[in-house]
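*Asks:* What follows is a protein structure lacking sequence information:
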DNA sequence: ATGAAATAGGACCCCATTAGTCGTATTTAA
DNA sequence: TTAAATACGACTAATGGGGTCCTATTTCAT
Ligand code: SF4
Ligand code: SF4
């Protein structure tokens, strides 16, 4: 519970790696071997990051990935959002639409949890890739 | 991802409820009906909270539950810890033992994530049941 | 004493999500 | 033309979350 998914972790490790080599082009093979990450899984994470415009893909031989923006301009929140495809939500009513929770109208803790939610967002949004290099 | 479990939510709703009626004895039936929570599920959550010494059980007819301490002295963190049985850990290496992560020695993000972890703990520990009444 | 109301707790099951694998197509530098 | 790389969908396996059911035990009230 409350755990980041491996995909997000892999994404962060990869982003950090690219930043750490001064945004030189890096391949999935390189990264997956360096950090012992299953290459197929990492490959798909990279593709999501590409579609999410956080990194740029360079296809073909000698290809790979580079960051799409400065590391100081990419937050952990960005990575989570793109990799996970969904919003960070500490409870169902924050992550999805409120109606999805059958208890919503009777729920007495949604407002207090909203504060925690807000705090969380702050924390994730304020930590940039550049800070984890 | 990053969602609180329903059990934790149910626990919080129940604790808040008891606090809101000035710690008068409250039953599972009462609470489950009031908030539309499946009673069997709530029952087991209450049993965990009892074993975790956050509430007191009163068995037999006319029985029920009361808080074991003042609402100002019970944090959301306490509830999570007791209901979930495990520590809040934003990553495997925080929730369990580090060795459980096959990547641990190569992982470059565990320290930055540690900061987030710490922040999270602060947030959960500082919010008390008394604040959500 | 007896019955009703309550907690205690184990055994299951269902389902959604996560993690990972495999196969194949496409792009492009050398 | 070939090799190195990304793109991407289909599939499987494992895990955990959420819920149901059943039975035992405790204790108040009659
Ligand atoms: S409404 Fe209450 S119970 Fe439903 S998801 Fe939001 S917080 Fe959780
Ligand atoms: S070591 Fe790195 S990858 Fe493994 S759990 Fe901790 S943070 Fe996640």
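*Replies:* Structure's in. What do you need? Just so it is clear, the model here is predicted, and its values are computed rather than measured. Ligands and ions are numbered 1, 2, ... in the order given.
*Asks:* Spell out the secondary structure type for the residue in chain A that DNA strand C sits nearest to.
*Replies:* Nearest to DNA strand C, among the residues of chain A, is residue A:60, at 1.9 Å (C-beta to the nearest atom of the strand). Bear in mind the C-beta positions are built from the backbone N, C-alpha and C, glycine included. Assigned state for residue A:60: coil (three-state reduction, DSSP: H, G, I helix; E, B strand; the rest coil).
*Asks:* Then the one 5 residues further on?
*Replies:* When classified by three-state DSSP, residue A:65 comes out as strand.
*Asks:* count of neighbours near the residue of chain A closest to DNA strand C?
*Replies:* Neighbourhood size, residue A:60 [other C-beta atoms under 10 Å in any protein chain shown]: 6.
*Asks:* again with residue A:85
*Replies:* Neighbours around residue A:85, by other C-beta under 10 Å: 11.
*Asks:* How many neighbouring residues does the residue nearest to it when sequence neighbours are not counted have?
*Replies:* In this structure, residue A:85 finds its nearest non-sequential neighbour in residue A:48, 7.4 Å apart by C-beta to C-beta, 6 or more residues apart in numbering or on different chains. A total of 17 residues lie near residue A:48 under the criterion other C-beta under 10 Å.
*Asks:* which residues sit in contact with residue A:48?
*Replies:* A:11, A:82, A:83, A:85 (C-beta atoms under 8 Å, 6 or more residues apart in numbering or on different chains).
*Asks:* how much space between the last one and chain B?
*Replies:* As defined by C-beta to the nearest C-beta, to the nearest Å, residue A:85 lies at a distance of 10 Å from chain B.
*Asks:* hmm, stretch A:37-52 touching ligand 2?
*Replies:* No - using C-beta under 6 Å from any ligand atom, we find that stretch A:37-52 stays clear of ligand 2, coming within 8.9 Å at best.
*Asks:* Pull out the buried positions in that stretch.
*Replies:* Of all the residues in stretch A:37-52, those buried under the rule 16 or more other C-beta atoms under 10 Å in any protein chain shown are A:37, A:42, A:45, A:46, A:48, A:49, A:52.
*Asks:* In helices, which of those fall?
*Replies:* A:42, A:45, A:46, A:48, A:49 (DSSP state H).
*Asks:* can you tell me which residues contact the last one?
*Replies:* The reference is to residue A:49. Residue A:49 touches A:11, A:14, A:15, A:55, A:65, A:79, A:82, A:83, counting by C-beta under 8 Å, 6+ apart.
*Asks:* Return the member of these nearest to residue A:25.
*Replies:* Residue A:25 lies nearest to residue A:65 out of these, by C-beta to C-beta, at 6.9 Å.
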